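Asker: 3D, please:
(3 chains)
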Amino acid sequence: MHYFLENVPERTQKPREKGFTMVMDKGLSVRQAEDFLSVGANHVDIIKLGWATSYVTANLQDKLNVYRAAGIPFYFGGTLFEAFAVRNQFDDYRKLLDKFQVPFAEVSDGSVEMDHDKKCEYITELSKQVTVLSEVGSKDEEKIIPPYKWIELMQKELDAGAWKVIGEAREGGNVGLFRSSGEVRSGLVQEILTKIPFERIIWEAPQKAQQVYFIKLVGANVNLGNIAPEELIPLETIRLGLRGDTFNHFLDK
Amino acid sequence: MHYFLENVPERTQKPREKGFTMVMDKGLSVRQAEDFLSVGANHVDIIKLGWATSYVTANLQDKLNVYRAAGIPFYFGGTLFEAFAVRNQFDDYRKLLDKFQVPFAEVSDGSVEMDHDKKCEYITELSKQVTVLSEVGSKDEEKIIPPYKWIELMQKELDAGAWKVIGEAREGGNVGLFRSSGEVRSGLVQEILTKIPFERIIWEAPQKAQQVYFIKLVGANVNLGNIAPEELIPLETIRLGLRGDTFNHFLDK
Amino acid sequence: MHYFLENVPERTQKPREKGFTMVMDKGLSVRQAEDFLSVGANHVDIIKLGWATSYVTANLQDKLNVYRAAGIPFYFGGTLFEAFAVRNQFDDYRKLLDKFQVPFAEVSDGSVEMDHDKKCEYITELSKQVTVLSEVGSKDEEKIIPPYKWIELMQKELDAGAWKVIGEAREGGNVGLFRSSGEVRSGLVQEILTKIPFERIIWEAPQKAQQVYFIKLVGANVNLGNIAPEELIPLETIRLGLRGDTFNHFLDK
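Answerer: Have a look, this model is predicted:
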């Protein structure tokens, strides 16, 4: 902050349990990773290497070193976990996390059919090795999970050892928590919040209107994910009531 | 220009009064700022640090030095002015402009209710210190200002000391001059042009179809704003009739 | 590849006749060009300097040197060819290719009316100098070419000397092969594939759903073009069944 404005919402500081921002890297170069950190490292809490992009990027180790040097944890997207699990290569996945010293892992079932007890076993097993984020919601826009079921799944995954649970949206923000138009399933979100503490949830919200929805509903310090690197600074202004969308929301309070 | 094509529309040269391009920087790194200048510095006339993004970027002073060294003026988005004004911190805003040696300022009321005489006073007051751009139009898609009123507001703001007036569109191009679909309010635009000289107006036009509309209506040397850095080169080709959208428009003349 | 997954579709290796990816550069800086190559050079087969962007970029020669050093061929978009042709400056165009040592050229008629025999003459003439890609389809969304005509045009252009033919889509993916909504004209595509070998076609497919369509229809090694640099890695994961969209498609086989 280079200057001072009065009456701006107070933000949590790192390491954050809430007010947490997860950025999605879907194939950045080393320089591009350095670039977004040079502008907003203080606003990023964790970086996801989107789905299985790490499988095909030539610069993986060097880029992880950049994130490590910045003190920002990172993890492989859940689709990579699923790709190993569905091939019965779970042990290879565990070795992979060790090889690259990855501090977090995501357990998801967005693309595969997986028995929920089995999913919870993966969570429990992996949480002995790394910090686990688990994800609820399908990548298939046809699969609608009713609210009571979302809550049950989230609670069981937290009980199994997940540090936080993620609400699925994909890079596009058009499945899971959202309709295919990007509109928030607000009944779903509000019902989840009656049962699961907001600090334990990361809402994937790549679209601006989605971010605004959660910030107005939960507050400046809601946990949000799937933020594109170039949207990190815009998101921070929305959290602080310094963009048109939330300008009056926070002033009125 | 590395080669020569005949019968391409003539472009104005810097410093431009018309044919002016305003690029929006919503949180670039120093390297990213250098990058777009290395490709098209000659096509950029002014850079806006979008809304209040400067409040949360870690690299502000270094980046302004890059723009300064390139001889390209810059200013803070109108929302930052409004954030100071609504908190009765206008004097702090003036000091901020001095501290960072910012040569331009935008006076807007896109997010606040502001008496128009008061807005004009801000314009007059700030124009003693910097060159003022004033902006007409709300960021609220529900607020529709009729054409005669746009004209009256624009004229008063120019009379109060604004160098040019900006037509509001936001980063998305979906309010003010445009419907929420992005469609141009063409009756509005054409009525404004019967009363305000086109050189005095900067049209925010982030979407390609919007840029094409204004270039076809006003010509290659219309003033356009809210251009994303990666759209600077594409815009220049549209101005020159070297993209499909205006290819035949200029050839036919 | 930093780790091993079983049962992933086999990809062709460079120099590729099929499984080919064409990236569109619409005004990258030298550093940005280096950046995407540092992550995925092995997945890029050719780079198009989109339409006539090369006319207005300040860094043309330096950037071409980057591509040349990486061993990746490049060419100017078809609109530049058309801009020269329509001005009766075809000889200047040929000199331009020599001056910049451009190894490929695109012959298209997306923005101009051109007699098809004349277009084929250009193809034949240019193929004495460079490798020619020819493009079928209009940039005008109102101009619908029936499938039998697409096939006839494509076949004649291949016969005239084109190495491969490109199906038009523009940067946006909303003309030619696609409806203005981006939806694939699937009847057209499937009819073309009954007559023209898939290795000889490059499908412009800038949108993810379009890429997924072609990969599911033709396979991992379909030729795709107009890929934005930041979508190169995501595309490669879709080809390999490592993104949600094709995850089960390839597993089921």
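Asker: so what's A:Y213 up against?
Answerer: A:184, A:186, A:205 (Cβ atoms under 8 Å, 6 or more residues apart in numbering or on different chains). C-beta coordinates here come from the backbone N, C-alpha and C atoms, glycine included.
Asker: Out of those residues, grab the one that's most surrounded.
Answerer: Among the contacts of A:Y213, the one with the most neighbours (other Cβ atoms under 10 Å in any protein chain shown) is A:A205, at 28 neighbours.
Asker: mind saving the C-alpha coords of stretch A:38-52 as CSV?
Answerer: Below are the C-alpha coordinates for stretch A:38-52, written out as CSV (Å, rounded to 0.1, in the frame of the first residue of the first chain):
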residue,chain,number,x,y,z
SER,A,38,6.3,-9.2,-8.1
VAL,A,39,2.9,-7.4,-8.2
GLY,A,40,0.9,-9.3,-5.6
ALA,A,41,2.8,-12.1,-3.7
ASN,A,42,1.3,-10.8,-0.5
HIS,A,43,-2.3,-11.5,-1.8
VAL,A,44,-1.6,-15.1,-2.9
ASP,A,45,-1.9,-17.9,-0.4
ILE,A,46,-1.6,-21.0,-2.6
ILE,A,47,-1.0,-21.8,-6.2
LYS,A,48,-2.7,-24.6,-8.1
LEU,A,49,-1.0,-26.1,-11.1
GLY,A,50,-4.3,-26.5,-13.0
TRP,A,51,-5.5,-30.1,-13.6
ALA,A,52,-2.7,-32.1,-15.3
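Asker: Can you give me the buried ones in that stretch?
Answerer: A:38-41, A:43-52 (16 or more other Cβ atoms under 10 Å in any protein chain shown).
Asker: list the contacts for A:K156?
Answerer: A:116, A:120 are the contacts of A:K156 under Cβ under 8 Å, 6+ apart.
Asker: check which helix or strand covers it.
Answerer: Remark: A:K156 resides in helix A:147-160, with elements defined by DSSP states H and E.
Asker: who does the helix or strand just after that helix pair up with?
Answerer: Once the chain leaves helix A:147-160, the next helix or strand it forms, by DSSP H and E, is strand A:164-167. Under the criterion DSSP bridges, strand A:164-167 sits next to strand A:131-136 (parallel), strand A:201-204 (parallel) in its sheet.
Asker: Adding mean pLDDT, write these out as TSV.
Answerer: What follows is the strands paired with strand A:164-167, written out as TSV (pLDDT from 0 to 100):
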stretch	mean pLDDT
strand A:131-136	98
strand A:201-204	98
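Asker: can you redo these as TSV with mean neighbour count and distance to A:E113?
Answerer: Listed next are the strands paired with strand A:164-167 as TSV, based on neighbours: other Cβ atoms under 10 Å in any protein chain shown; distance: least, Cβ to Cβ, whole Å:
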stretch	mean neighbour count	distance to A:E113
strand A:131-136	25	14
strand A:201-204	25	21
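Asker: Quick one: those strands as JSON lines, columns for distance to A:A160 too.
Answerer: Converted to JSON lines, these look like this (distance: least, Cβ to Cβ, whole Å):
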{"stretch": "strand A:131-136", "distance to A:A160": "8"}
{"stretch": "strand A:201-204", "distance to A:A160": "16"}
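Asker: quick revisit: give me the distance from the helix holding A:K156 to the chain's centre.
Answerer: 17 Å (Cα atoms, centre = their mean, to the nearest Å).
Asker: same question, stretch A:47-61
Answerer: Using Cα atoms, centre = their mean, the offset of stretch A:47-61 from its chain centre is 16 Å.
Asker: before we move on, back to that, among the contacts of A:Y213, which ones are in helices?
Answerer: Of the positions in these, A:S186 sit in helices, assigned by DSSP state H.
Asker: which parts of chain A sit against chain C?
Answerer: Contact residues (Cβ under 8 Å from any Cβ of the partner chain) of chain A with chain C: A:26-32, A:50-61, A:79-80, A:82-84, A:86-87, A:89, A:92, A:96, A:99-100, A:110-112, A:139-140, A:170, A:172.
Asker: Mark which of those are buried, thanks.
Answerer: The buried subset of these (16+ other Cβ under 10 Å) comprises A:26-32, A:50-60, A:79-80, A:82-84, A:86, A:89, A:96, A:100, A:110-112, A:139, A:170.
Asker: Can you list the low-confidence ranges for chain A?
Answerer: Filtered on pLDDT under 70, chain A yields the residue ranges A:1-2, A:252-253.
Asker: need the strands for it, in chain order.
Answerer: Using DSSP state E, the strands of chain A run over residues A:21-25, A:46-49, A:74-76, A:104-107, A:131-136, A:164-167, A:201-204, A:224-227.
Asker: Using a markdown table, lay out the buried residues of stretch A:38-52 together with distance to A:G241.
Answerer: Formatted as a markdown table, those follow (distance: Cβ to Cβ, whole Å):
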| residue | distance to A:G241 |
| --- | --- |
| A:S38 | 25 |
| A:V39 | 20 |
| A:G40 | 18 |
| A:A41 | 22 |
| A:H43 | 15 |
| A:V44 | 20 |
| A:D45 | 20 |
| A:I46 | 24 |
| A:I47 | 26 |
| A:K48 | 27 |
| A:L49 | 32 |
| A:G50 | 29 |
| A:W51 | 33 |
| A:A52 | 37 |
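Asker: Out of the residues you listed, which are close to chain B?
Answerer: Near chain B, by the rule Cβ under 8 Å from any Cβ, you find A:38-41, A:43 out of the buried residues of stretch A:38-52.
Asker: related to what we said a few turns ago, could I get the strands of chain A in a markdown table, plus columns for distance to B:K119?
Answerer: A markdown table is the format used below for the strands of chain A (distance: least, Cβ to Cβ, whole Å):
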| stretch | distance to B:K119 |
| --- | --- |
| strand A:21-25 | 35 |
| strand A:46-49 | 43 |
| strand A:74-76 | 47 |
| strand A:104-107 | 49 |
| strand A:131-136 | 48 |
| strand A:164-167 | 42 |
| strand A:201-204 | 38 |
| strand A:224-227 | 34 |
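Asker: buried sites along stretch A:149-157?
Answerer: A:150-151, A:153-154, A:156-157.
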